[in-house]
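Engineer: Generate coordinates for the sequence data below:
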Amino acid sequence: MSVPHPITKTVFMTVLAVGLMAQSPPPPSLPAGLGTPTNEKDAAPALPPGLGAPAETRANHADGEPGFAAPFGLTGFIEARLGTRIVGDGTQKSLSIAETRLQLERDFFTPHAAFRFVGDFVLDGVENDLNLDLQRGRGFLDLREANAVAQPLSFLDVKAGRQILTWGVGDLVFINDLFPKDFRAFFIGRDDEYLKAPSDALRMSAFSDAANLDVVYTPRFNADRFIDGSRLSYFNRSLGDIAGRNAIIQAETPHTWFSDDEIAARVHRNVGGWELAAYGYHGFWKTPEGARASGRPFHPRLSVAGASLRGPLEGGIVTSEVGHYKSHDDVDGTDPLIRNGETRFLVGYEREIATELTAAGQYYVEILSDFSALKRNLGPGQAAPDRARHVLTLRATQLLFNQNLMLSAFNFWSPNEEDGHLRLRATYKLSDAWQVEGGGNLFYGRKENTFFGQLQDNTNLFVGVRRSF
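Structural biologist: Below you'll find the model as predicted:
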């Protein structure tokens with residue numbers, strides 16, 4: 001029996017998914033403003049979600065008439081996405097994304113705890129691999145959340161299990177947020193929510209009038225889902241050229257429970273309308289920033305200390321964040337095979353500049369800690385990097401048609417490395433259940449060994465359709 005071509009198989013599954021999504025008529029949309037989340041407060045919060053009355057599901061609508069309801073109280077969505085490279089890349093397939101995704105979500109409540117499950121069942125026509133790897137997010141299932149939340153004391157919340165974690169004030173720039181990211185998803189056109197990869201962790205949050213404290217313990221290191229050549233091409237320094245599936249990175253990843261662990265903490269409070277926070281982290285570089293003498297990449301040990309603030313200024317919001325990175329396997333900066341310690345800083349500003357039009361900008365910099373020592377220890381033929389990497393970002397977001405259409409552009413640009421990444425998105429909400437999206441990731445640069453310059457052959461366009469239930 002012949003095996004279907006991956007593209008034919010993907011198109012068939014996409015048509016099937018859209019057919020299934022169309023089985024029930026779209027319900028009316030919610031009135032504007034419903035479902036808007038509230039900001040964090042300084043005072044001790046109420047019970048964790050689920051320990052009180054259960055919230056309405058997405059299947060309930062403003063007119064009181066239920067739409068399509070999945071069995072067993074499940075909610076979620078089914079989605080199809082298709083994208084292609086628009087630049088020739090001999091190391092990768094022409095399709096950048098071709099997948100059908102079914103997300104199922106369920107919350108369970110008891111008088112003493114709340115339980116949450118979110119899982120994505122995926123048919124990926126690009127990697128075409130059903131073998132399960134929950135750590136790297138590959139195979140037929142991406143388990144997003146599986147956790148329990150309890151409140152053993154009136155001022156203490158505890159959340160244990162697989163969960164999505166985030167903090168810090170940067171807009172797509174992360175300094176003190178050392179929780180895992182999925183850069184493959186970010187660059188190929190998946191929804192922005194998939195930039196945040198799940199953590200297997202224990203989170204404790206304590207609340208008081210003086211300040212609030214969050215502590216996250218991860219008993220086994222959770223690495224980023226980084227660019228390794230399997231899906232996106234990159235600059236391979238050993239080969240001195242762009243590589244992809246011909247040179248997939250096989251990194252040495254810490255994986256021993258309770259030995260290769262991570263701990264992160266945040267102390268935060270509001271003062272006169274300003275959100276102030278201090279952070280700490282001890283674990284490993286989230287991407288393999290070191291190489292053994294044999295050439296095999298690995299994750300060096302890392303500690304980070306930092307702070308952030310966010311508050312109102314001249315009709316907008318100003319943000320600032322700083323973090324000092326200490327690379328424990330290269331404390332004095334003399335090993336060119338291990339990433340040097342550095343200080344990272346950003347400042348940003350966002351405001352509405354016209355009706356339903358918001359603009360935001362950031363300046364971000366990474367400054368090497370021991371640049372002189374690094375230069376003295378470079379081997380023959382090794383070029384010294386710039387002491388500082390500067391990045392400017394600009395975001396523009398326009399809402400139209402009663403906020404049902406969102407047009408978004410986000411540009412990263414490094415003036416010293418002369419490269420960048422332009423992200424374009426157009427999302428239209430046909431109804432409360434149906435949504436369509438199109439966009440692209442355009443990479444540019446003068447050199448092929450800079451961060452964004454190495455990704456130029458991954459420039460892509462994509463479309464997607466989603467049916468929520």
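
Engineer: quick one: which helix or strand includes residue 115?
Structural biologist: In this assignment (DSSP states H and E), residue 115 forms part of strand 113-124.

Engineer: Note down every partner strand of that strand and its orientation.
Structural biologist: Sheet pairing for strand 113-124, assigned by DSSP bridges, gives strand 95-109 (antiparallel), strand 141-153 (antiparallel).

Engineer: And for it, what's in contact with it?
Structural biologist: Counting contacts by CB atoms under 8 Å, 6 or more residues apart in numbering, the residues outside strand 113-124 that touch it are 10, 13, 48-51, 76, 98-109, 139-150. In short, each C-beta sits where N, CA and C put it, glycine included.

Engineer: follow-up on the earlier one: quick one: the strands paired with strand 113-124 as JSON lines, columns for mean pLDDT and mean neighbour count too.
Structural biologist: What follows is those, written out as JSON lines (pLDDT from 0 to 100; neighbours: other CB atoms under 10 Å):
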{"stretch": "strand 95-109", "mean pLDDT": "97", "mean neighbour count": "20"}
{"stretch": "strand 141-153", "mean pLDDT": "97", "mean neighbour count": "17"}
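
Engineer: give me phi/psi at residue 259?
Structural biologist: Phi and psi for residue 259, reported as degrees, to the nearest 10, are phi -110, psi -50.

Engineer: Give me the pLDDT for it.
Structural biologist: On the pLDDT scale, residue 259 is placed at 97.

Engineer: ok, how many other residues are close to it?
Structural biologist: Residue 259: 10 surrounding residues under other CB atoms under 10 Å.

Engineer: and the gap between it and residue 219?
Structural biologist: Using CB to CB, to the nearest Å, one obtains 9 Å as the distance from residue 259 to residue 219.

Engineer: coming back round to it: rebuild the strands paired with strand 113-124 as JSON lines, extending it with distance to residue 340.
Structural biologist: Putting these into JSON lines (distance: least, CB to CB, whole Å) gives the following:
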{"stretch": "strand 95-109", "distance to residue 340": "33"}
{"stretch": "strand 141-153", "distance to residue 340": "34"}
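
Engineer: in stretch 240-251, what counts as buried?
Structural biologist: Judged by neighbour count using 16 or more other CB atoms under 10 Å, the buried positions of stretch 240-251 are 242, 243, 244, 247, 249.

Engineer: give the contact list for the residue lying closest to the second one once chain neighbours are set aside.
Structural biologist: So the one you mean is residue 243. On the basis of CB to CB, 6 or more residues apart in numbering, the spatially nearest residue to residue 243 that is not a chain neighbour turns out to be residue 236, at 3.8 Å. Each residue near residue 236 by CB under 8 Å, 6+ apart is listed here: 229, 242, 243, 247.

Engineer: Out of these, name the ones that lie in strands.
Structural biologist: Filtering the contacts of residue 236 for membership in strands, criterion DSSP state E, returns 242, 243.

Engineer: mind showing which ranges of this structure have poor pLDDT?
Structural biologist: 1-68, 381 (pLDDT under 70).

Engineer: in the stretch 101-250 of the chain, which spans are helices?
Structural biologist: In order along the chain, the stretch 101-250 of the chain carries the following helices (DSSP state H, counting those that start in this stretch): 183-188.

Engineer: Over to residue 372: give its phi and psi.
Structural biologist: In terms of degrees, to the nearest 10, the main-chain angles of residue 372 are phi -60, psi -40.

Engineer: what number of residues lie near it?
Structural biologist: For residue 372, the neighbour count with other CB under 10 Å is 10.

Engineer: With residue 226 instead?
Structural biologist: With neighbours defined by other CB under 10 Å, the count for residue 226 comes to 19.

Engineer: Do I have it right that residue 233 meets residue 460?
Structural biologist: No: judged on CB atoms under 8 Å, residue 233 makes no contact with residue 460 at a distance of 11.7 Å.

Engineer: residues contacting residue 395?
Structural biologist: Contacts for residue 395 were tallied using CB under 8 Å, 6+ apart; they are 171, 350, 358, 359, 360, 361, 408, 409, 410, 411.

Engineer: Just the element for it, please.
Structural biologist: Since the elements are taken from DSSP H and E, residue 395 ends up inside strand 388-400.

Engineer: May I have the strands that pair with that strand, each with its orientation?
Structural biologist: Paired neighbours of strand 388-400 in the sheet (DSSP bridges): strand 357-368 (antiparallel), strand 405-414 (antiparallel).

Engineer: Dump those strands into TSV; add mean neighbour count and distance to residue 385 as well.
Structural biologist: Rendered in TSV, the data for the strands paired with strand 388-400 read as follows (neighbours: other CB atoms under 10 Å; distance: least, CB to CB, whole Å):
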stretch	mean neighbour count	distance to residue 385
strand 357-368	18	7
strand 405-414	17	12
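
Engineer: Please name the nearest non-neighbouring residue to residue 398.
Structural biologist: Closest to residue 398 by CB to CB, 6+ apart is residue 407, at 4.5 Å.

Engineer: That neighbour: what's it in contact with?
Structural biologist: When contacts are counted by CB under 8 Å, 6+ apart, residue 407 is found next to 397, 398, 400, 425, 426.

Engineer: Correct me if wrong: the second one contacts residue 355.
Structural biologist: The reference is to residue 398. No: Residue 398 is beyond contact range of residue 355, at 9.5 Å (criterion: CB under 8 Å).

Engineer: Show me what residue 360 is bridged to.
Structural biologist: Those that pair with residue 360 in a beta bridge, by DSSP bridges, are residue 350, residue 395.

Engineer: Enumerate every residue touching it.
Structural biologist: The contact partners of residue 360, taken as CB under 8 Å, 6+ apart, are 171, 348, 349, 350, 351, 393, 394, 395, 396.

Engineer: Using CSV, please lay out those together with distance to residue 214.
Structural biologist: Listed next are the contacts of residue 360 as CSV, based on distance: CB to CB, whole Å:
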residue, distance to residue 214
171, 21
348, 22
349, 26
350, 24
351, 29
393, 26
394, 31
395, 27
396, 32
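
Engineer: how about those, which pair is most distant?
Structural biologist: For the contacts of residue 360, with distances taken as CB to CB, the pair at the greatest spread is 351 and 393 (15.1 Å).

Engineer: So these two - more neighbours on which side?
Structural biologist: Just comparing residue 351 and residue 393: by other CB under 10 Å the higher neighbour count belongs to residue 393, 21 against 14.

Engineer: Contacts only, for the more buried one.
Structural biologist: Counted by CB under 8 Å, 6+ apart, residue 393 has contacts 171, 172, 173, 348, 360, 361, 362, 364, 410, 411, 412, 413.
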